[in-house]
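Novice: Provided below are the primary sequence and the corresponding predicted coordinates.
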Amino acid sequence: MTGPRQKLLWALAAALTLALPWLISDRYIQHLLVMSLIFVIFASSWNLLTGYAGQLNLGHAAFFGIGAYTSALLALKLGVPPWIGLFLGGFLAAGSGFVLGIPSLRLSGPYLAITTIGFAEILRLVAMNWVSLTRGSLGLYGVPPLPGFFGIQFTTELTFYYVALAGAALALFCFRRLTRSEFGLSLQAMREDEQGAESIGVSTNRFKLTVFTVSAFFGGFSGALLAHYQRLISPDLLSLHETFQALTMTIIGGLGTLTGPVIGAVLLTFLSEGLRFVEDVVKIDVRLIIYGALLVVTILFMRGGIVGLWERLRAGRGQDTEER
Amino acid sequence: MKLLETQKVSKYFGGLCALKDVDLSLNQGEVMGLIGPNGAGKTTLINIISGAYHPSEGKVIYDGRNISRLKAHQINVLGVARTFQVVRIFKRLTVLENVLTAMVDRGREGPWKLVWGSFFRRACAFNQDAAACATAEGLLASVGLLRYRDEQAENLPYAMTKRLEIARALATRPKLLLLDEPSSGLNPAEQNEQIKIIRQINQQGVTILIIEHVMKVIMDISHRLIVLHYGEKIAEGAPQEVYRDPLVVEAYLGGEAHA
């Protein structure tokens, strides 16, 4: 698998990713690239919890919002450096992830989904109504940018791209390690069959709390990243829409795979922006309709999403050559 | 030496009495057969020993320790492994991964330690860890599954899934193995293969408690038999004696034999 050709391809892909914002000078496209990267982290963190551990969490936006508000408020009210805030946002989200993990010890599937929706919705209402702290639906504006160093300012799309890229690379490295280790195998065992996992010594309760915490950390981290990029955050970050964004990206890309949410996040970020132009013409909200249709098609006809389809095609080709 | 003992174990589901005062004692190295008509409480008993249920009354003593209140995963760590009547393999993992997952040292490694370990390990993936893979392959070979090593478990033929469950249970290095109908649904050739595998496991020193409806299998491999009927123990002893016990015949064939 890791032949010299493979290595060359990886090196080329890495070089292209690094050079991308220089090749595309359009700031709008650069903005979309940054958003894709932030959603790569967010969708991947949801994927760890739902795709690998099998815990259907529909309140993932809570972690996104907690990360964003924590880092933004710390910077605005207490002057905490945003670089530290990014991680504090992650840690506070992780703490709330642990709390949200507690109902998962008793509930699963749709019941857990409803509970987690409730959790995020409560937080959204708090953010809407605690006006003295969050400015309610007006949102927090003027969130400080990430401080620059060596004369580089992280206020433009071009420079922030590299921050987001570093964040996404770090997160993906962690997810790769986590999912392929004993930890990841135990999570997947739990997803496949809880009683079976218990019978080989997996303490499913402790694993659920752990994976909720870890996943929430990265969810919060991605939210904090967004806060210091957009520099304007609103309670919309905590809405069900954001969760479904992660869900759609992951399922279309490939649930329970590492590359799935990456492909999905890039694809859907660009697709939804492209559809915005269509909306201007047809004057109806076609974005959600197309999202829904894509989701249905994926679930009905290509379980495993784009990654699954790719693997099936490759396996099919392999068989052909064997037959010859 | 006694490895496992149940003392007056009873289990009620609401008003229904599934087990009533069941005493059972297993010696180290023994193969004990557990038989009885449908609904006799055999699986309930295995569920209680393995910690899936807690007994309503009575105690389960394993290796000199009361395990009645422990959870399933804790009991497994102490050295009790099991298989299920309806197989519970990890379908979307490979055959090798099914066994590898069971090999993690759960006694010492909680989830947070495993999270930490993900980043400080030579092999970046557990399924590429040479030592672990070699052990797992050995286990697969012992149940004749090595050629399916990289197959998704869901693609295995039914008989092979039964064997995979046994290999997975063995990977936790148990002293006591609970087998819930390991040869149900198998054809005669596969049954013979299963008998061979179970015997081999026993010869390696593993104590076995086995539920089985296939008489040939149970008579062949058990040293002793226990018969449950409506949640009560009605007979116990060497297979040939139990086979002729009038109470047992009545339980299986109805009251006519007695009348």
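Specialist: Happy to help now that I have it.
Novice: Where does pLDDT dip in the chain?
Specialist: This is for chain A. Counting by pLDDT under 70, the ranges of chain A that qualify are A:1-2, A:317-324.
Novice: please go with chain B instead
Specialist: Applying pLDDT under 70 to chain B picks out residues B:121-124, B:255-259.
Novice: all helices for it, in order.
Specialist: Remark: helices assigned in chain B by DSSP state H are B:42-50, B:72-78, B:95-103, B:111-119, B:130-142, B:158-171, B:188-203, B:215-221, B:239-244, B:246-253.
Novice: could I get those helices as CSV with distance to residue A:51 and mean neighbour count?
Specialist: Just so you know, the C-beta spots here come from the backbone N, C-alpha and C atoms, and that holds for glycine as well. Output for these, formatted as CSV (distance: least, Cβ to Cβ, whole Å; neighbours: other Cβ atoms under 10 Å in any protein chain shown):
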stretch, distance to residue A:51, mean neighbour count
helix B:42-50, 29, 24
helix B:72-78, 23, 21
helix B:95-103, 16, 26
helix B:111-119, 17, 18
helix B:130-142, 24, 16
helix B:158-171, 23, 23
helix B:188-203, 35, 16
helix B:215-221, 40, 18
helix B:239-244, 49, 14
helix B:246-253, 49, 15
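Novice: Excluding sequence neighbours, find me the nearest residue to the spatially most central residue of chain B.
Specialist: In chain B, the residue lying closest to the centroid (Cα atoms, centre = their mean) is residue B:178, at 2.2 Å. Nearest non-adjacent residue to residue B:178, counting by Cβ to Cβ, 6 or more residues apart in numbering or on different chains: residue B:82, 4.0 Å away.
Novice: Likewise for residue B:10?
Specialist: residue B:57 (4.2 Å).
Novice: is it true that residue B:201 touches residue B:166?
Specialist: Yes. Counting by Cβ atoms under 8 Å, residue B:201 touches residue B:166, with 7.5 Å between them.
Novice: and residue B:83, backbone torsions?
Specialist: Reported as degrees, to the nearest 10, the phi and psi values for residue B:83 are phi -120, psi 170.
Novice: Return the residues in contact with it.
Specialist: B:162, B:165, B:166, B:169, B:177, B:178, B:179, B:180, B:182 (Cβ atoms under 8 Å, 6 or more residues apart in numbering or on different chains).
Novice: Whichever helix or strand residue A:7 is part of vs chain B: in contact?
Specialist: Residue A:7 is part of helix A:4-23 when elements are defined by DSSP states H and E. No. On the criterion Cβ under 8 Å from any Cβ of the partner chain, helix A:4-23 is out of touch with chain B, staying 14.9 Å away.
Novice: contacting residues around that helix?
Specialist: A:30, A:33, A:157, A:158, A:161, A:165.
Novice: Let me see the contact set for the third one.
Specialist: The reference is to residue A:157. A:21, A:27, A:30, A:31, A:33, A:34.
Novice: again, only this time at 7 Å
Specialist: A:27, A:30, A:31, A:34 (Cβ atoms under 7 Å, 6 or more residues apart in numbering or on different chains).
Novice: In PyMOL, how would I select the buried members of the residues you listed?
Specialist: The PyMOL selection below is limited to those of the contacts of residue A:157 classed as buried (16 or more other Cβ atoms under 10 Å in any protein chain shown):
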select buried, chain A and resi 30+31+34
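Novice: now the contacts of residue A:157 as CSV including distance to chain B and secondary structure?
Specialist: Converted to CSV, the contacts of residue A:157 look like this (distance: Cβ to the nearest Cβ, whole Å; DSSP: H, G, I helix; E, B strand; the rest coil):
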residue, distance to chain B, secondary structure
A:27, 37, helix
A:30, 32, helix
A:31, 33, helix
A:34, 27, helix
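Novice: Now for the contacts of residue A:157: which two are most distant?
Specialist: A:27 and A:34 (10.3 Å; Cβ to Cβ).
Novice: How much space separates the residue nearest to residue B:236 when sequence neighbours are not counted from chain A?
Specialist: With Cβ to Cβ, 6+ apart as the criterion, residue B:236 has its nearest non-adjacent residue at 5.0 Å, and that residue is residue B:226. Here the distance between residue B:226 and chain A works out to 22 Å (Cβ to the nearest Cβ, to the nearest Å).
Novice: need the contact list for whichever residue of the stretch 201-324 of chain A sits closest to chain B.
Specialist: Relative to chain B, the nearest point of the stretch 201-324 of chain A is residue A:201 (3.5 Å; Cβ to the nearest Cβ). Taking Cβ under 7 Å, 6+ apart as the contact definition, residue A:201 lies against B:73, B:76, B:77, B:106, B:172.
Novice: contacting residues around the closest residue to residue B:104 other than its chain neighbours?
Specialist: Distances taken as Cβ to Cβ, 6+ apart place residue A:182 nearest to residue B:104, at 4.5 Å, with adjacent residues excluded. Residue A:182 is in contact with B:104, B:114, B:117, B:126, counting by Cβ under 7 Å, 6+ apart.
Novice: again, only using 10 Å
Specialist: Residue A:182 makes contact with B:100-101, B:103-106, B:109, B:111, B:113-115, B:117-118, B:121, B:126-127, B:129, B:132, according to Cβ atoms under 10 Å, 6 or more residues apart in numbering or on different chains.
Novice: Just give me the residue right at the centre of chain A.
Specialist: Mean-position check on chain A, Cα atoms, centre = their mean. Result residue A:42 at 1.5 Å.
Novice: thinking residue A:204 is in contact with residue A:106, fair?
Specialist: No. Applying Cβ atoms under 10 Å, one finds residue A:204 not in contact with residue A:106, separated by 11.7 Å.
Novice: So for those two, which sits in the more crowded spot?
Specialist: Neighbour totals were compared for residue A:204 and residue A:106, and residue A:204 leads with 22 against 10 (other Cβ atoms under 10 Å in any protein chain shown).
Novice: Tell me what residue A:152 is bridged to.
Specialist: residue A:149 (DSSP bridges).
Novice: wouldn't it be in contact with residue A:161 here?
Specialist: No. Counting by Cβ under 10 Å, residue A:152 sits too far from residue A:161 to count as a contact (11.8 Å).
Novice: which residues touch residue A:30?
Specialist: Counting by Cβ under 10 Å, 6+ apart, residue A:30 has contacts A:20, A:21, A:22, A:24, A:156, A:157, A:158, A:159, A:160, A:161.
Novice: Make sure the fifth one is actually in contact with residue A:25.
Specialist: If I follow you right, that is residue A:156. No. With contact defined as Cβ under 10 Å, residue A:156 does not reach residue A:25; the gap is 11.9 Å.
Novice: who's more crowded, those two?
Specialist: Per other Cβ under 10 Å, whichever of residue A:156 and residue A:25 has more neighbours is residue A:156, with 15 against 9.
Novice: how many other residues sit next to residue B:230?
Specialist: 15.
Novice: Quick one: residues contacting the residue nearest to residue B:178.
Specialist: Residue B:82 neighbours (Cβ under 10 Å, 6+ apart): A:195-196, A:199-200, B:46-47, B:49-52, B:72, B:75-76, B:88, B:165, B:169, B:172, B:174, B:176-180, B:209.
Novice: Likewise for residue A:70?
Specialist: Taking Cβ under 10 Å, 6+ apart as the criterion, residue A:70 is in contact with A:80, A:85-86, A:88-93, A:96, A:220, A:223-224, A:227.
Novice: From chain A, how far off is the residue nearest to residue B:10?
Specialist: 23 Å.
Novice: ranges for the strands of chain A?
Specialist: Ranges of strands in chain A, per DSSP state E, are A:140-141, A:232-233.
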